[in-house]
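Novice: coords please:
(one chain, ligands or ions: 2)
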Amino acid sequence: MSAITALPPDDGSGHEQSVFEQIAAGLRMHNWCAVADALPPALAARLFDHVRSVDNNRFAPAGIGRSNDHVHNPFVRRDRIRWIEGDAEAEQHWLQWCARLQSFLNRQLFLGLFSFESHFAHYQPGDFYRKHVDAFRPDGTERGARRVLSLVTYLNPGWQLVDGGELAIYDDQGVQIIHKVMPAYGTVVVFLSTEVPHEVLPANRDRYSIAGWFRVNGNHADRPDPPR
Ligand code: OGA
Ligand code: MN
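Specialist: Ligands and ions are numbered 1, 2, ... in the order given. This next block holds a predicted model:
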């Protein structure tokens, strides 16, 4: 057996490569990018079946902040989430796709992405997530792994403009909305976690997404910080 092992192959059509290239190009030019039909169809279908089969009561109200400063504030966000641990086949395929994207972006953009965490989110009609950034710029004092790159994808077949629920992207100052991304099935959005204020607008129907974050290791190379 060869000592060289390949990463799991994509569907062979070059779709994955072209999606990854579009994401890298978008990040080089702006701080964010949205790519329609980016999720491989077979993966999207698996994730869609999986998220619908996971009982609603296994989603927990989403909090803000991490671990001990984690608070649930329904005035800021209303979605319910479930962390992806890789315990279903669909989740493993998702994590593998994200790992391939991580190594692609590390090679192309030298981001030094080190780990990845993600969760499903379910927004019921009327739910929202007010304007926020996913991470604050480092001030030199933090020790843990930091969120650098945010990734969002959507599992909503047949989404229409009238369904609302867009991801609103703001300018750097967080003053004006510069773009609204429809949470359409298979669309992938990637942005710099500290640089792009964004907001989830209320939807008129159930809205499913996955939100994930690539992180860099903290400033203590000898103490790798595990995800979460
Ligand atoms: C988040 C988030 C965006 C979306 O979970 O931090 O901004 O469109 N999600 O679901
Ligand atoms: Mn966010």
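Novice: is ligand 1 contacted by stretch 115-131?
Specialist: Yes: using C-beta under 6 Å from any ligand atom, stretch 115-131 reaches ligand 1 at 121, 129. Using the backbone N, CA and C atoms, a C-beta is placed for each residue, glycine as well.
Novice: For residue 83, grab the count of nearby residues.
Specialist: 12 (other C-beta atoms under 10 Å).
Novice: Output the lowest mean pLDDT helix or strand found in the chain.
Specialist: The helix or strand of the chain with the poorest confidence is strand 60-61; it has a mean of 84 (mean pLDDT, DSSP states H and E).
Novice: Tell me the buried residues in whichever helix or strand comes after it?
Specialist: On the C-terminal side of strand 60-61, the closest following helix or strand by DSSP states H and E is strand 80-83. Using 16 or more other C-beta atoms under 10 Å as the test for burial, strand 80-83 gives 80-82.
Novice: ok, now stretch 43-63?
Specialist: Buried-residue list, stretch 43-63, by 16+ other C-beta under 10 Å: 43-48, 50-51, 59, 62.
Novice: do stretch 159-173 as well
Specialist: 159, 163-170.
Novice: pLDDT on it, on average?
Specialist: Per-residue pLDDT values over stretch 159-173 give a mean of 97.
Novice: what's the span of that stretch from first residue to last?
Specialist: Length of stretch 159-173, first residue to last, C-alpha to C-alpha, to the nearest Å: 30 Å.
Novice: can you tell if that stretch touches ligand 1?
Specialist: Yes: using C-beta under 6 Å from any ligand atom, stretch 159-173 comes into contact with ligand 1 via residue 167.
Novice: Please renumber the chain so that the first residue is 7 from this point on.
Specialist: Shifting the count to begin at 7 puts that one at stretch 165-179.
Novice: helices and strands around the longest helix along the chain, which ones?
Specialist: Ordering each helix of the chain by length in residues (DSSP state H) puts helix 95-115 first. With contacts defined as 3 or more C-beta pairs under 8 Å, 6 or more residues apart in numbering; DSSP states H and E, helix 95-115 has these neighbours: helix 21-35, helix 47-59, strand 121-129, strand 152-160, strand 213-222.
Novice: JSON lines for those, including mean pLDDT?
Specialist: Shown next, in JSON lines, are the helices and strands packed on helix 95-115 (pLDDT from 0 to 100):
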{"stretch": "helix 21-35", "mean pLDDT": "94"}
{"stretch": "helix 47-59", "mean pLDDT": "94"}
{"stretch": "strand 121-129", "mean pLDDT": "95"}
{"stretch": "strand 152-160", "mean pLDDT": "95"}
{"stretch": "strand 213-222", "mean pLDDT": "96"}
